[in-house]
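>>> next come a sequence and a model predicted from it.
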Amino acid sequence: MLQSYTRIPIRRPVNPSTLIRALNQCYPYSTSNSYNHIIPPPPTLKPFPKAYNPELVEQKWYDWWLQTRAFEPEFTADGKIKPEGLFCIPAPPPNITGALHIGHALTISIQDSLVRYYRMKGKTVLFLPGFDHAGIATQSVVEKQIWRQERKTKYDYGREEFVKKVWDWKEIYHEKIKNQVKQLGASYDWIREAFTLDPKLSSAVVEAFVRLHDEGVIYRALRLVNWSTKLSTTISNLEVDNRIIPGRTLIPVPGYEKKIEFGVLTYFAYRVAGSNNGEQLIVATTRPETIHGDTAVAIHPDDPRYIHLHGKSVQHPFLDKKLPIILDDKIVDMGFGTGAVKITPGHDFNDYEVSTRHDIDVVNILTEDGKLNSNCGPKWAGMKRFDAREKIIEDLKELGLFIKQEGHEMTIPICSRSGDIIEPMLKPQWWVSQKQLAKDAMDVIKKGEIKMWSNRTKSEYLRWLENIHDWCISRQLWWGHRCPVYFVNIENKDNSREDGNYWIAGRSHDEALIKAKKKFPSEKFTLEQDEDVLDTWFSSALWPFSTLGWPQKTKDMEQFYPFSILETGWDILFFWVTRMILLGIKLTGSVPFKEVYCHSLIRDSQGRKMSKSLGNVIDPLDIIHGVTLKELNAKTVNSNLSEKEVKRVIREQQKIYSRGIPQCGTDALRFTLCAYTTGARDINLDLLRVEGYRRFCNKIYQATNFAISRLNNNYIPKLNNKNLTECHRLVEKWSLYQMNNCAKVMNESFEERNFLTGTTAIYQYWYMICDVYIEYFKSLHHTNDAIKMDLAKDVLYELIKNGLKMIHPFMPYISEELWQRITRNGEFEKCVTITKASYPIYDPTIANYFADAQIYDVILNTTKAIRSLLSEYNIIKNGQIYISVQDDDETTSAFVMEKEALVSMIKGLSDIAILSNSSENIVLNDCVMKSVNDKVKIYLLVKGQYEDIRKEIEKNQKKLKKLEGIKENLKRTLSNSEFLKKATMEVQRINKEKLTNIQGQILGLQTTVNNLKRFQDDR
């Protein structure tokens, strides 16, 4: 049975039937025509705390939203998209590798703000959630865990048992990440939650592979790939960190006790075959360990030094073979090194291209675990690659072929998962032919079928597709989608597994068998499914349609495909966004989404990349709930980092988070991240800014609490479009005008994806409420005018209510809590939750207040000027102000009407007099003047305001002396060459701003002293 509401201050209990009626009104288009299921009352805080505490405000609302089915798409009574339109977005599936980071929080903040906005606009909205199995990342982290805890490898378990271990991991971390997502307020339709290894999505992966393979788009080929010897798998370019080193650098490599030196250019000589005088051809390499894989030496065809070597060969120093000297003007730079280049096609991508141009041998010299193989000869076989490097140099010296070594800048490809040095390796793999797919993907952008919000993103997308290479989709892992392709092992034939002709793709073993019998009707054979799994990005590329039921013709595919927008970070534009477009067009005949918005990458406040090894990675929950330095250190100790890394990270944490991270709450974090979203490539996240917006939340909380305390139990809002003309006070018209303008800007900002403009507008709006209207409202506490007070309450209610609705997409929790309170649990809005309340829109009627708003702007500027003068001259009581208005009767009348309110709102002010033009000179000599604009001047009576004006002058002179000292120190700092050399541009900018500010203060204070001296002389 539905429980009745507990009675709390300024609240009336809501009848259960009233709540159900409100909910039915809130869901008028649901396919389920009745919501008469049990709905708990809104979990507003009882009693209402005086102080804002995000933990208390945010802890219960998410579950309640789920109970009210607030996040499910709404349809018309006959199950169609609502007439207001459709907005649907797929959430990029986070990896189930551990926990979300601050980048995920940015993604959710941006996406959910759009989702909540369009839901309030009345559209049918789908925010589709899901998670990615993250093949290599998840398998890697589980392998590390079982080694650390049990000293076992995956081979100790075997494939089936190891995969079970990974599923166990998935269950734990899936729930952990899901909890993070919920705390961030993501309004997902959890009924449609997907996982890339779910049966439905796995079926889509199989279907896509089989179709593409049967068409020849997926094919098998022997090519170079990025090989991780530590993980024993191919990895994508995304998982390779290309580290540039300036020269000789020691780098730790898994499997080696000592660090390995890189950034060294080794010069050695090949003996020219058949030379009578022992001629040598000198080459230079950063990878002497690959010498056994050399199959040629290249020279430039126009190099005069080597013309006599055209058509000749050199003798390999360790193997009984000769290497041809080839002519190549692409690989060789005559001005670099010796102008001769050793060619190792089996272990260098550029050299492999050379081999295709010159038809030279491609030799693999490494095993999958990074040791030299039998192609290197019995002396070398089984030796670890970097141990072999040292031995090779020693042997070259003994043979008299070693020349020299020197430091050299180079790029080291490092596996982001294991820290291993990547080896280009020749492997038979499955590839996706992308040339034609790319042409179609470029066409949809050029035709405008997909809108990319950033011109830079669009240019990079087109440039990448113009130069696209085929995509390797094989991975030598156990966790993932096993390739649905079978090798036809024909009896008594040694058919090669490298030959794609003997591979059959099938949706099942039975289907593959039927296909194989048709292709090899007279042969006896067995089928063996490929052991490899597919690149995670392959299943992710199907995400926009596999999640909706493709290849089946589902209702979701019909209604939600293509999605309205794809929002993600620009760093995966090529690896995910582009591939979704490529395969979406190919497999469905349609673009997968209509817009692409790529957000910035988050760096720390110093502009450094977030990295576990730097200790600057931030868990969003630590910002939401707060965390101590000790707790941060404990997390690091319990992580997968090595002992050395743990010690380094703890040292960094002590520098960065010496005071821990204070509790800020979800709303402050989301608002901060959206406010940072400017379209730039990077965000340098400063946690102090999050703390600032936490204080902003408190301001909203206190403002709403003030309004609630002033609206008594019998209050019912009466203000609407029909009686807006009743607003006769300028402050009311001005406030409503500002509200109307803010609604206009907010709607435009969401539609234009301009998050900075939106957050700035609503931030300023709430400060307007607090600094202007609430201050005005306080001045009415002695009024006996009931009509005036009722109207003021109505305006206060409208300002607060609409402010909460406008900020809701950015700050869902505090807005729901306060909206429930001020609308009496949605009773005034005929809606049960703010998530379904109508978003404020621009009202032309209120726009007619423009002229009145302009006049009140002058009054506000005058108020600021009065406060400024009172502060400058330290007048804290009995202040007397004279206002002079030149040739503007409307403004003069406004000052007369607002005079009483101004006096009550400005502390230290006892009276305001409005001067006529003729009376100005009477007070001029006793006052100081400040111009508000070209027509309005204010005069502050100074003469006679001090018991001892001399002491006031001395006090100001002391301030001046102190400021002069600060100014000189800043000047010295900014002219110091050492400071300019070491300080960042940001630090220099801050110091320059301080100097400018100090100089302004000195000028103003000097004026004050001079004026005080004038009045001293008059005594």
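Received, thanks.

>>> which residue is the nearest non-sequential neighbour of G377?
Once flanking residues are discounted, G377 sits nearest to L319: 6.3 Å by C-beta to C-beta, 6 or more residues apart in numbering. Just so you know, the C-beta spots here come from the backbone N, C-alpha and C atoms, and that holds for glycine as well.

>>> any idea which element the one you found lies in?
L319 is part of no helix or strand when elements are defined by DSSP states H and E.

>>> look at the residue lying farthest from the centre of the chain and report its pLDDT.
Distance from the C-alpha centroid of the chain peaks at N276, with 66.2 Å (C-alpha atoms, centre = their mean). Predicted confidence (pLDDT) for N276: 85.

>>> mind checking how far it is from N501?
50 Å (C-beta to C-beta, to the nearest Å).

>>> try Y267
For Y267, the distance to N501 - C-beta to C-beta - is 45 Å.

>>> swap in A99?
Separation of A99 from N501 (C-beta to C-beta) stands at 46 Å.

>>> okay, the two: which has more neighbours?
Taking neighbours as other C-beta atoms under 10 Å, A99 and N501 compare with A99 leading, 16 against 10.

>>> how is that one assigned, secondary-structure-wise?
When classified by DSSP: H, G, I helix; E, B strand; the rest coil, A99 comes out as coil.

>>> for it, list the residues it contacts.
173, 176-177, 180, 619, 621 (C-beta atoms under 8 Å, 6 or more residues apart in numbering).

>>> what of T704?
800, 804, 818, 821-822.

>>> also G944?
With C-beta under 8 Å, 6+ apart, G944 has these contacts: D926.

>>> so it is in which element?
Per DSSP H and E: G944 is located in neither a helix nor a strand.

>>> buried residues of the strand or helix carrying Q436, list them for me.
Secondary structure assignment for Q436, by DSSP H and E: helix 435-446. By neighbour count with 16 or more other C-beta atoms under 10 Å, helix 435-446 contains the buried residues 437-438, 441-442, 445.

>>> packing partners for it?
Judged by 3 or more C-beta pairs under 8 Å, 6 or more residues apart in numbering; DSSP states H and E, the packing partners of helix 435-446 are helix 455-466, helix 578-588.

>>> pick the most deeply packed of those.
Highest mean neighbour count of the helices and strands packed on helix 435-446: helix 578-588, a mean of 22 (counted as mean count of other C-beta atoms under 10 Å).

>>> can you point out the buried residues in whichever helix or strand comes after it?
Toward the C-terminus, helix 578-588 is succeeded by strand 595-599 as the next helix or strand (DSSP H and E). Neighbour-count burial for strand 595-599, counted by 16+ other C-beta under 10 Å, picks out 595-599.

>>> again with stretch 244-251
For stretch 244-251, by 16+ other C-beta under 10 Å, it's 245, 249, 251.

>>> and the residues you listed as TSV, adding distance to N226?
Compiled in TSV, the buried residues of stretch 244-251 are given as follows (distance: C-beta to C-beta, whole Å):
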residue	distance to N226
I245	19
T249	21
I251	17
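
>>> can you read off the backbone torsions of K342?
For K342, the backbone dihedrals (degrees, to the nearest 10) come out as phi -70, psi 140.

>>> same question but for I807, I mixed them up
Torsion angles, degrees, to the nearest 10, at I807: phi -90, psi -10.

>>> nearest residue to it in space, please, no chain neighbours.
Going by C-beta to C-beta, 6+ apart, I807 has I762 as its nearest residue, at 4.9 Å.

>>> helix, strand, or coil at the one you found?
helix.

>>> L426 now?
Going by three-state DSSP: L426 is strand.

>>> next: the one 3 residues further on.
At Q429, secondary structure determined by three-state DSSP is strand.

>>> one step back: past the helix holding Q436, which element shows up next along the chain?
strand 451-452.

>>> which other residues reach that following strand?
For strand 451-452, the surrounding residues in contact (C-beta under 8 Å, 6+ apart) are 445, 458, 461, 594-596.

>>> ditto for stretch 735-747
Here stretch 735-747 has contacts from 724, 727, 757-758, 761-762, 764-765, 768-769, 772-773, 795, 798-799, 802-803, 806, 839-843, 846-847, 849-850, 852-853, using C-beta under 8 Å, 6+ apart.

>>> for the chain, longest helix please?
helix 985-1018 (DSSP state H).

>>> quick check: buried residues in that helix?
Buried, per 16+ other C-beta under 10 Å, within helix 985-1018: 991, 995, 998, 1002, 1005, 1008-1009, 1011-1012, 1015.

>>> go on, stretch 309-320?
Buried, per 16+ other C-beta under 10 Å, within stretch 309-320: 309, 312-314, 316-319.

>>> do a quick rundown of the helices in the stretch 201-350 of the chain.
Assigned by DSSP state H, counting those that start in this stretch, the stretch 201-350 of the chain shows helices spanning 349-358.

>>> hmm, back to that, which members of the buried residues of helix 435-446 define the maximum pairwise distance?
L437 and I445 (13.4 Å; C-beta to C-beta).

>>> what is the least confident helix or strand in the chain?
helix 16-26 (a mean of 43; mean pLDDT, DSSP states H and E).

>>> now do the following helix or strand past that one: which elements does it pack against?
Where DSSP H and E defines the elements, the next helix or strand beyond helix 16-26 is helix 54-58. Helix 54-58 is packed against helix 620-625, helix 666-676, helix 687-710, helix 812-822, with contacts defined by 3+ C-beta pairs under 8 Å, 6+ apart.

>>> much appreciated, bye for now.
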